[in-house]
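Visitor: Sequence and predicted structure below; questions after.
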Amino acid sequence: MLLAIDCGNTNTVFSIWDGTRFLATWRIATDHKRTADEYFVWLSSLMAITRTEAAITEAIISSTVPRVVFNLRVLCNRYFDCRPLVVGRPDCALPVAPRVDQGATVGPDRLVNTVGAFDRHGGNLIVVDFGTATTFDVVDDDGAYVGGVIAPGVNLSLEALHMAAAALPHVDVSRPQRVVGTNTVACMQSGIWFGYVGLVKEICSRIKAERDRPMKVIGTGGLAPLFGTTDVLFDSIEDDITMHGLVLIHRFNTAPEDA
Ligand SMILES: Nc1ncnc2c1ncn2[C@@H]1O[C@H](COP(=O)(O)OP(=O)(O)O)[C@@H](O)[C@H]1O
Ligand SMILES: CC(C)(COP(=O)(O)O)[C@@H](O)C(=O)NCCC(=O)O
Ligand SMILES: [K+]
């Protein structure tokens with residue numbers, strides 16, 4: 001069975017793929033100090049609690065935080081007796097090479113999203129991933145990643161307001177009833193919510209105009225459902241695009257004739 005690991009700047013997601021479906025998905029805060037032994041204790045207790053019977057024999061890692069990769073590799077070597085594929089490393093091939101200035105500097109999560117979304121929807125896509133940062137990944141008609149946009153993440157923006165201004169509290173993201181807030185929290189929520197809705201709409205419309213073709217917009221990442229259900233921003237919302245891409249990249253590297 002395959003262990004697929006998607007490490008973002010905030011959270012690291014582990015999924016177990018049995019060849020046809022995901023048996024389980026678990027999330028832990030990203031912390032570069034976490035050791036391989038700590039990961040294993042956490043993983044094995046979740047497996048026991050949920051009675052997930054999985055003999056892991058293979059692994060693939062995508063990490064936007066280079067420092068965590070060492071301990072994740074040790075986890076795979078020591079406890080699952082396997083050498084993980086690491087997206088972005090030269091020995092991990094992609095179905096279609098990115099066409100950008102420096103392919104090696106693209107966040108591996110963005111390359112994986114491209115592969116996952118192209119498999120489901122074909123070409124000419126914008127994948128909007130609401131993570132620590134909000135990223136827009138542009139997928140060409142042949143499935144190549146051809147660039148995109150990086151904007152500050154929703155929670156990061158809220159946190160920045162709180163950190164920089166003495167009178168602004170910590171608030172959670174939520175959709176306000178009105179644009180005009182009548183108290184501090186409502187004003188902040190309005191700025192973030194409607195600011196973000198505008199940001200997503202404007203960036204997608206400019207990408208479509210620049211590329212002069214119709215494009216589908218796919219929303220993914222922690223906050224996509226929150227935004228996508230109340231405001232029409234996406235043609236589709238899929239929270240498993242990254243995991244799907246990881247499974248495809250693993251298959252492409254181990255059984256290319258099936259990929
Ligand atoms: N349903 C939700 N409501 C509010 N915040 C959320 C929700 N889901 C995820 N988040 C937050 O969104 C941010 C991005 O999460 P995540 O997609 O895990 O980021 P990354 O991939 O960069 O680690 C985090 O701050 C996380 O706590
Ligand atoms: C833009 C990102 C920080 C997003 O990471 P995330 O929000 O998933 O933690 C990550 O994809 C990254 O570090 N990218 C490197 C620069 C680039 O993609 O061009
Ligand atoms: K992201």
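Guide: Right, received. Where do you want to start? Ligands and ions are numbered 1, 2, ... in the order given.

Visitor: Name the SS class of the residue lying farthest from the centre of the chain, please.
Guide: Residue farthest from the centre of the chain, counting by Cα atoms, centre = their mean, is Thr182 at 34.9 Å. For Thr182, the assignment made with DSSP: H, G, I helix; E, B strand; the rest coil gives coil.

Visitor: gap between it and ligand 3?
Guide: To ligand 3, Thr182 is 33 Å away according to Cβ to the ion, to the nearest Å. Heads up, the C-betas are built off the backbone N, CA and C, glycines and all.

Visitor: Chain neighbours aside, what residue packs nearest to the closest residue to ligand 1 within the stretch 101-250 of the chain?
Guide: Residue of the stretch 101-250 of the chain nearest ligand 1, by Cβ to the nearest ligand atom: Gly222 (2.4 Å). Nearest residue to Gly222, sequence neighbours excluded (Cβ to Cβ, 6 or more residues apart in numbering): Phe130, at 5.8 Å.

Visitor: can you pull the contacts of the closest residue to ligand 3 within the stretch 101-250 of the chain?
Guide: Nearest residue of the stretch 101-250 of the chain to ligand 3, counting by Cβ to the ion: Gly131, 3.0 Å away. Applying Cβ atoms under 8 Å, 6 or more residues apart in numbering, we find Gly131 in contact with 8-10, 64, 109, 153, 221-222.

Visitor: try Gly8
Guide: 30, 64-65, 109, 131-132.

Visitor: shouldn't His32 be in contact with Val69?
Guide: No: the pair His32 / Val69 is not scored as a contact, 9.3 Å apart, by Cβ atoms under 8 Å.

Visitor: Looking at the two, which is more packed in?
Guide: Using other Cβ atoms under 10 Å as the criterion, His32 and Val69 rank with Val69 on top: 20 against 13.
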